[in-house]
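Trainee: Curious how this folds, go ahead:
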Amino acid sequence: MFFSNYGKHIRVLCLAACMSLTSCNTGTVQLAGGGIGGTGITSGTVTGFGSVFVNGVEFDTTGATRSIDDVVTFSNGVDDSTVMGSGMVVKITGTVNPDGITGSATSITYDEIVSGPVKAAPVEDPDQVHKTFGILDLRISVDRNATIFVNTDYLSLQMNDVLDVSGFFDDAGTLLATRLEKTGVFGQGTIVETRGTVSGFNGIDTFTIGTLSVTFDGGTIFENLPGSVTDGQYVEVNGVLQGTDSIHASRIQREDSGLGNFSGDVSVEGIVTSFTDIGNFRLDGVPVDASNATFNPVNLAGTLANNQRIEVEGTVAAGMISADSVEQRGGKVKLAGQVTATDVSSGTFSLEIVAGQPPVAVMVDARTQLEDELLQLKPFTLQQVNAGDPVLVQGYLDNTGMVIAGEVKRRLLDEHELAGPVSVASGNASSGSVTILGVTMSTDNRTEFEDGNNQPFPNGGDDFYNQVSPGDIVGLEDEVPVDGVADEVEFRN
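Mentor: Below you'll find the model as predicted:
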């Protein structure tokens, strides 16, 4: 097959070692072509350069055609970071080698999901980690820790910012941004962009996409279309926003939705939607049957549900993916603390959250998004992670209990954080302790205790300790200057 199970078993160590290098550049070393089953499609977020890393595979891009925002160039194998960025959701056509961790790309395609002005001031959730706002007819959600921000940041977002957004849709239709780039401020003549299915065409010059009205005239450029549109076509529209819900199109291009009519081997990252059971759900809009798949971690098969971020490998035919493997990509483990040691050869680093408690080992691989907000190093790799660095980690636990990092950010911290499954918890409103991932943090009469809805428990720690059980997902936060006593404890199941 296009994807190798053997490669999956060895990918963690091999790719962690590669990602630790200053540049995993394969531009001067030609990788074997052909794969095991011919050409396939890999769709997911870009996590690194040197070549291009997507879904844990390092693709040699030498000679590949790149269509980035409809601008076509050709890669020389080392210049991809000049036209692409981490967090972009791309589609790569190419082959994956028998090792399962390297491959060759023949084409790379990227287009943001939406581009336009923020309608109103973003609204922050009670956890102060997520903000939501509207662009055109879409609801956008950004994550302070997971979204990659370009030319702006989480705190600076405001009404009328013109943003290019890439990401995945959740089950409610909200676009969860993996990358957000500010390109300007809304004004007369600002070009916006969206995509969707044509409906309500009046046969002359007007149709709708979602709740947006789109008009065109003799000056509109049509691509892959015969000078007009038909209901049911999936199109990209560029044009000038008129009012709040109408676009006068300067260009309309017909596109494929999802994987189009492709049949063959695929690797797709996305958010689970329309979940019925493991044999019937959607990923990035594509139907998936994972009833015969292997799962990593193993317990994912029993906990899979809507709005989980995963990666599926398998074969697509007649528009449905028959999955061979399903791997968790997002997770509820969250750590913030100080690095005590880095082991480049094993692809790991150790993170101290509470002084005097054992550090937590964290694994980095080619799927990990590494960012440096402290020194702004690019590329930022495991080799640049040093003892004493303040680091934030989000990820999940694999079958062995190892923390697998989805995102690693070096940044100034205003708190140390320990979030994951509880192993031991005992105490009351006056004093107590919670142990997560082998680390124990104390609580006292100053600690604030919250339920899963970010609401304070009426009786504080008494309520929390009466309700908490081993395996519950709980977050502990110790504000800087840290003292090993949690300032806030909350359920995050």
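Trainee: Next, the contact list for residue 332, please.
Mentor: 396, 419, 420, 473, 492 (CB atoms under 8 Å, 6 or more residues apart in numbering). Where you see a C-beta, it was placed from the backbone N, CA and C, and this is true even at glycine.
Trainee: what about residue 464, is that helix, strand or coil?
Mentor: helix (DSSP: H, G, I helix; E, B strand; the rest coil).
Trainee: Thought residue 448 was touching it, still the case?
Mentor: No: applying CB atoms under 8 Å as the test, residue 464 and residue 448 come out as separate, 10.0 Å apart.
Trainee: and for those two, which residues touch both?
Mentor: residue 489.
Trainee: Which one's more surrounded, the two?
Mentor: Between residue 464 and residue 448, counted using other CB atoms under 10 Å, residue 464 has the larger neighbour count: 25 against 15.
Trainee: which regions of the protein sit below the pLDDT cut-off?
Mentor: Within the chain, the ranges that satisfy pLDDT under 70 run 1-38.
Trainee: What ranges does the stretch 101-250 of the chain have for its strands?
Mentor: Applying DSSP state E, counting those that start in this stretch to the stretch 101-250 of the chain gives strands spanning 102-110, 114-117, 123-124, 130-135, 138-143, 148-150, 161-169, 175-185, 191-197, 206-209, 212-215, 221-223, 234-242, 246-254.
Trainee: picking up where we left off before, just the buried members of the contacts of residue 332?
Mentor: Using 16 or more other CB atoms under 10 Å as the burial test, the contacts of residue 332 include 396, 419, 420, 473 as buried.
Trainee: Can you add distance to residue 424 and mean neighbour count and give the strands of the stretch 101-250 of the chain back as a markdown table?
Mentor: Shown next, in a markdown table, are those (distance: least, CB to CB, whole Å; neighbours: other CB atoms under 10 Å):
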| stretch | distance to residue 424 | mean neighbour count |
| --- | --- | --- |
| strand 102-110 | 43 | 22 |
| strand 114-117 | 46 | 22 |
| strand 123-124 | 33 | 13 |
| strand 130-135 | 30 | 18 |
| strand 138-143 | 30 | 20 |
| strand 148-150 | 36 | 19 |
| strand 161-169 | 36 | 22 |
| strand 175-185 | 33 | 20 |
| strand 191-197 | 50 | 19 |
| strand 206-209 | 53 | 20 |
| strand 212-215 | 53 | 19 |
| strand 221-223 | 61 | 14 |
| strand 234-242 | 52 | 19 |
| strand 246-254 | 57 | 19 |
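Trainee: out of those, nearest to residue 265?
Mentor: With respect to residue 265, and counting by CB to CB, the nearest of these is strand 102-110 at 11.2 Å.
Trainee: contacting residues for residue 432?
Mentor: Applying CB under 8 Å, 6+ apart, the residues contacting residue 432 are 425, 426, 442, 443, 461, 465.
Trainee: which secondary structure element contains it?
Mentor: According to DSSP states H and E, residue 432 maps onto strand 431-436.
Trainee: Please pull up the helix or strand immediately following that strand.
Mentor: Using DSSP H and E, the helix or strand that directly follows strand 431-436 along the chain is strand 439-444.
Trainee: For the helix or strand just after that next one, which helices and strands make contact with it?
Mentor: Following strand 439-444 in sequence order, the next helix or strand is strand 448-450 (DSSP H and E). Contact partners of strand 448-450 among helices and strands, from 3 or more CB pairs under 8 Å, 6 or more residues apart in numbering; DSSP states H and E: helix 461-467, strand 488-491.
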